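# dropping the sequence and predicted coords here.
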Amino acid sequence: MKTARATAHANIALVKYWGKRWPGQADLNLPEVGSLSLTLDHYRSETRVAPAEADTFVLDENPGSELEQRRVFQHLDRIWAATGRSGKRPPVDVHSNNHLPTAAGLASSASGFAALTLAGAMAFDLGWDRARLSALARRASGSAARSLWGGWVRLDRGKAPDGSDCQARPIFPQDHLDVLLLVVRTASGKKPLGSTEAMEHTRKTSPYYPAWVETHERDLDAACRVLERRDLDALGPVVEHSAFKMHACIMASDPALLYWNGVTLEVIRAVWQARAAGLVGFVTSDAGPHVKVLCASASAHALATRLRDVPGVIETLTLAPGPDATAEVVG
Ligand code: DP6
């Protein structure tokens, strides 16, 4: 095997993925719905996979937790199995750095598993194209499938029981639309329940889940259509609708699950008020209390200034669309 290094950027879902196909195989991690995302600049994971005497995993200069270790080595086992070579996977040393504050409200699993997939595939000489690699990354984390590309990326649900057609693909380049993304942090600390478990809880107990699934594809198609004509004013409402529908579905779980706090709501209101005053920004939110605002570049500064003044807001970051993931052999 070789030593390989990869960099992948974080992404934000604009039409959300929430829920896994059922019955499905846990190891395939098949989403019940497709998704559309924007890859972000600046925030990225860098991962190096090298031959070693024994498996080791270092994350941000610390040994990864037991769960992180398990997920990382299990994924490397998948990549090895994909090469079709017999015998046990060779032991590896994995070093990963997240240039992405874990508290920033952007999941590091997407960029982390995308980078691990690319570095692992190169280290083990798996000659797959990126589309197939995205389906492999998806098995570690659904959102990771989208971080293999820059710009606007669509992850198709697919139909095949083995998930081979559940791949991501770039639909428009990084500079397709003149937008920025504001990440508005409304709390510090970790989210209450990870998305994997929360998705299952929603699927099993939320009476709104079937409606979420049934109406999802049309949002995805609508978003891609208006994006094609670079129509942010038409894209924004679809983005907000997808986020609110996902959260409504999550909230209606039994027992209830609520990711938002009071500040989340105040920020959402502030974005709407700013919009009424002529600024162009649309909210979305993931499995946590932070708000992300997709905005016209020309409105970003004024919007960020307003949102920083909302009581309880910890920080507002401004990010641009980001590039493709990259990988190289380093030894
Ligand atoms: C709300 O990709 O973290 O961010 O496949 O179980 O690892 P797993 O889930 P994950 O879920 C992302 C959920 C989301 C929406 C999205 O990114 O599409």
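Thanks, I have the structure now.

# V291: what's it in contact with?
Listed by CB atoms under 8 Å, 6 or more residues apart in numbering, the contact partners of V291 are 184, 186, 264, 267-268, 271, 283-285, 307. Using the backbone N, CA and C atoms, a C-beta is placed for each residue, glycine as well.

# hmm, 10 Å instead?
105, 182-186, 243, 260, 263-268, 270-271, 283-285, 307, 310, 313, 316 (CB atoms under 10 Å, 6 or more residues apart in numbering).

# state the distance spanning the first to the last residue of stretch 167-187.
33 Å (CA to CA, to the nearest Å).

# report the buried members of the contacts of V291.
Neighbour counting by 16 or more other CB atoms under 10 Å classes 105, 182-186, 243, 260, 263-264, 266-268, 270-271, 283-285, 307, 310, 313, 316 among the contacts of V291 as buried.

# thinking again about what came up before, which of the contacts of V291 fall within helices?
243, 263-268, 270-271, 307 (DSSP state H).

# between those, which is nearest the ligand?
Among the ones in helices among the contacts of V291, A243 lies closest to the ligand (CB to the nearest ligand atom), at 8.8 Å.

# what's the nearest residue to that closest one if we skip its chain neighbours?
T284 (4.2 Å; CB to CB, 6 or more residues apart in numbering).

# can you check S299 too?
L279 (4.1 Å).

# check contacts around the one you found.
271, 273, 293, 295-296, 298-303, 306.

# local confidence estimate at it?
Here the pLDDT value assigned to L279 is 98.

# what do you get for G288?
G288 is given a pLDDT of 93.

# my read: it touches T264, true?
Yes: if you go by CB atoms under 10 Å, G288 and T264 touch, sitting 9.0 Å apart.

# quick check: neighbours shared by the two?
In contact with both G288 and T264: 186-187, using CB under 10 Å, 6+ apart.

# the nearest residue to W18 once chain neighbours are set aside: what's it in contact with?
Of all residues not flanking W18 in the chain, M246 sits nearest, at 4.9 Å (CB to CB, 6+ apart). Residues near M246 by CB under 10 Å, 6+ apart: 13, 15-19, 33, 202, 208, 212, 216, 259, 284-287.

# next one: phi and psi at the residue of the stretch 201-331 of the chain found nearest the ligand?
Going by CB to the nearest ligand atom, the ligand is nearest to D286 of the stretch 201-331 of the chain, at 3.9 Å. Phi and psi for D286, reported as degrees, to the nearest 10, are phi -110, psi -150.

# ok now stretch 11-25, how far from the chain's centre?
Relative to its chain's centre, stretch 11-25 lies at 10 Å (CA atoms, centre = their mean, to the nearest Å).

# list the buried residues for stretch 36-55?
Going by 16+ other CB under 10 Å, stretch 36-55 has these buried residues: 36-41, 43-50.

# in contact with the closest residue to the ligand within the stretch 151-300 of the chain, which residues?
Residue nearest to the ligand within the stretch 151-300 of the chain (CB to the nearest ligand atom): T196, separated by 3.4 Å. By CB under 10 Å, 6+ apart, the residues touching T196 are 20, 26, 29, 109, 141-142, 287.

# outline the domain layout of the protein.
Here the domain assignment for the chain is 4-176, 179-319, based on automatic domain parsing.

# what's the pLDDT at P207?
In this model, P207 is scored at 98, pLDDT.

# now it: which helix or strand?
Following DSSP states H and E, there is no helix or strand that holds P207.

# can you tell me the SS state at the most centrally placed residue in the chain?
Note on the chain: the residue nearest the mean C-alpha position is S143, at 3.8 Å, using CA atoms, centre = their mean. The three-state label given to S143 by DSSP: H, G, I helix; E, B strand; the rest coil is helix.

# is it true that it touches P31?
Yes: contact criterion CB under 10 Å: S143 and P31 qualify, at 9.4 Å.

# shared neighbours of the two, anything?
In contact with both S143 and P31: 17, 155, using CB under 10 Å, 6+ apart.

# helices of the protein, start to end?
66-82, 108-123, 130-140, 195-205, 209-228, 232-251, 262-276, 297-308.

# report the distance from the first one to the chain centre.
Remark: helix 66-82 is offset 19 Å from the chain centroid, using CA atoms, centre = their mean.

# same check on the fourth one?
Helix 195-205 has its average C-alpha position 17 Å from the chain's average C-alpha position, going by CA atoms, centre = their mean.
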